[in-house]
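Visitor: attaching a predicted model along with its sequence, questions to come.
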Amino acid sequence: MKILVTGGTGGIGRPTVQWLLAHGHTVRVLDLRIADPLPGADYRQGDITDFDALCEHIADMEGVLHLAAYPHPSMATGEEMFRVNVGGTFNVFQAAVKAGIRRVVCASSINALGFNFGVKFPAGQLRYFPIDEEHPLYTTDPYSFSKQMIEEIGAYFWRREGVSSVFLRFPAVYDLHAPGPSILRTFVQMCYAQTGAILSLPEPERTVRVRHIVAEFERRAASREWERQFDLTFPDGAAMFGRSNFWTSLDVRDAAQAAEKALLADYEGSHPVYVTDAHNFVGFPSEELARVFFPEVTTRKKSIVGTETLVSIEKAQALFGFAPQYPFKKTDS
Ligand SMILES: NC(=O)c1ccc[n+]([C@@H]2O[C@H](COP(=O)([O-])OP(=O)(O)OC[C@H]3O[C@@H](n4cnc5c(N)ncnc54)[C@H](O)[C@@H]3O)[C@@H](O)[C@H]2O)c1
């Protein structure tokens, strides 16, 4: 397939371009900056908010993998986040229509749910485990809202133009092969240690500690801290973020695999789908994590076995055959 990859020089983009080239696709990259280009791909420097330029770069392509975005709430103001993440995605779909492209795959995020970077957590916001695509969204920060909005854009272009699309709701995506220090590797190590220490506390100390962690997380979130800086080094910070991501992660090769399968599979419509590793990354029983860290969420849509993910990947499996091949092992960190 001839694939335009927006944001193809980024953290997920580069290894994904590598994957697509290795699987025989023709790849054109569109990015604001071109760094460390891969042989075999056609690199174009450009901005997805420039519609005319986008139309030039998308011409003669057959599919689009749209990754370009601000990937965190600390990276832009609300208005800038909306301009690039949401306006840019509208442009990508509109340009795809002009070029006769029928398939667009976009990076959404687990944050479309609105939990992790949210600033408000009303009672009953989380209804059940495992979380799936039927779970209501409640976004209160500009990044998560931008992901909720782009999923609406995909639905609109399906209704209006018959362009089919998948929105990959990635969790934290990590690349074990990337040289140098990795914030995600450090995070996983810290999260494993902090979560294990909490789980091993006797009752009632454990309940008191978890209540404290949740209260502290919600206090920091309400102050909109994540929109100013991203720092996990406060006490129990990694345990807090493990909890707010439901201990999910994804190897970048599985992110690439998901993107390729979503581009090629036979389906119609516009579909948000969670894609995570099949297991939580801390290696503790998921039911115990849910019970201890989310005592108020008592409903289970299905029983949760062993360390299996608290965010269902069944829709991705059914829609395009997603099957994680690179499970995270604690020894990887
Ligand atoms: N990395 C994660 O763990 C993670 C998790 C969930 C979702 N996502 C989503 O996946 C996508 C890729 O994330 P990433 O971690 O690779 O981010 P990244 O910042 O490493 O890469 C994004 C790329 O997009 C490019 N870009 C930004 N604005 C652009 C514009 N206006 N025009 C053209 N190019 C532009 C940047 O130059 C960069 O190369 C994003 O949509 C992000 O929201 C990432």
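Guide: Right, received. Where do you want to start? Residues are numbered from 1 along each chain as shown.
Visitor: name the residues of the stretch 151-300 of the chain found near the ligand, please.
Guide: For the stretch 151-300 of the chain, the residues in contact with the ligand (C-beta under 6 Å from any ligand atom) are 170, 172, 173. The C-beta positions use only the backbone N, C-alpha and C, and glycine is treated the same way.
Visitor: do the stretch 1-150 of the chain as well
Guide: For the stretch 1-150 of the chain, the residues in contact with the ligand (C-beta under 6 Å from any ligand atom) are 6-7, 9-13, 31-33, 47-49, 67-69, 71, 84, 88, 107, 109.
Visitor: now, these that are in strands?
Guide: 6, 31, 107 (DSSP state E).
Visitor: which of those residues tops the neighbour count?
Guide: Greatest neighbour count in those, by other C-beta atoms under 10 Å, goes to residue 6: 29 neighbours.
Visitor: which residues touch that residue?
Guide: Residues in contact with residue 6, defined by C-beta atoms under 8 Å, 6 or more residues apart in numbering, are 30, 31, 48, 64, 65, 66, 67, 68, 88, 92.
Visitor: okay, the ones in strands among the residues of the stretch 1-150 of the chain next to the ligand in a markdown table with pLDDT next?
Guide: Output for those, formatted as a markdown table (pLDDT from 0 to 100):
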| residue | pLDDT |
| --- | --- |
| 6 | 98 |
| 31 | 98 |
| 107 | 98 |
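Visitor: dump the residues you listed to a markdown table, plus distance to residue 60.
Guide: Shown next, in a markdown table, are those (distance: C-beta to C-beta, whole Å):
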| residue | distance to residue 60 |
| --- | --- |
| 6 | 16 |
| 31 | 19 |
| 107 | 23 |
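Visitor: looking at those residues, which one is closest to the ligand?
Guide: The closest of these to the ligand turns out to be residue 107 (C-beta to the nearest ligand atom; 3.3 Å).
Visitor: picking that back up, would you turn the residues of the stretch 151-300 of the chain next to the ligand into JSON lines with secondary structure, pLDDT and neighbour count?
Guide: Formatted as JSON lines, those follow (DSSP: H, G, I helix; E, B strand; the rest coil; pLDDT from 0 to 100; neighbours: other C-beta atoms under 10 Å):
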{"residue": "170", "secondary structure": "coil", "pLDDT": "98", "neighbour count": "26"}
{"residue": "172", "secondary structure": "strand", "pLDDT": "92", "neighbour count": "21"}
{"residue": "173", "secondary structure": "strand", "pLDDT": "93", "neighbour count": "24"}
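Visitor: re earlier: narrow the residues of the stretch 1-150 of the chain next to the ligand to those in helices?
Guide: Members of these lying in helices (criterion: DSSP state H): 13, 88.
Visitor: quick one: buried ones out of the residues of the stretch 1-150 of the chain next to the ligand?
Guide: The neighbour count (16 or more other C-beta atoms under 10 Å) marks 6-7, 9-13, 31, 47-48, 67-69, 71, 84, 88, 107, 109 as buried among these.
Visitor: quick check: phi and psi at the closest residue to the ligand within the stretch 1-150 of the chain.
Guide: Going by C-beta to the nearest ligand atom, the ligand is nearest to residue 10 of the stretch 1-150 of the chain, at 2.0 Å. Backbone geometry at residue 10, expressed as degrees, to the nearest 10, gives phi -80, psi -170.
Visitor: cool, and residue 171?
Guide: The phi and psi torsions at residue 171 (degrees, to the nearest 10) take the values phi -90, psi -160.
Visitor: what residues are up against it?
Guide: Going by C-beta under 8 Å, 6+ apart, residue 171 touches 110, 245, 246, 248, 249, 250, 274, 276, 277, 311.
Visitor: state the number of residues packed around the fourth one.
Guide: Residues lying near residue 248 (other C-beta under 10 Å) number 25.
Visitor: wouldn't it be in contact with residue 311 here?
Guide: Yes - taking contacts as C-beta atoms under 8 Å, residue 248 lies within contact range of residue 311: 5.2 Å.
Visitor: who touches both of the two?
Guide: Counting by C-beta under 8 Å, 6+ apart, the common neighbours of residue 248 and residue 311 are 110, 171, 276.
Visitor: which residues touch the residue nearest to the second one when sequence neighbours are not counted?
Guide: If you skip the residues right next to it in sequence, residue 171 has residue 248 as its closest partner in space, 3.7 Å away by C-beta to C-beta, 6 or more residues apart in numbering. Contacts here follow C-beta under 8 Å, 6+ apart; on that basis residue 248 touches 110, 171, 172, 276, 277, 280, 281, 309, 310, 311.
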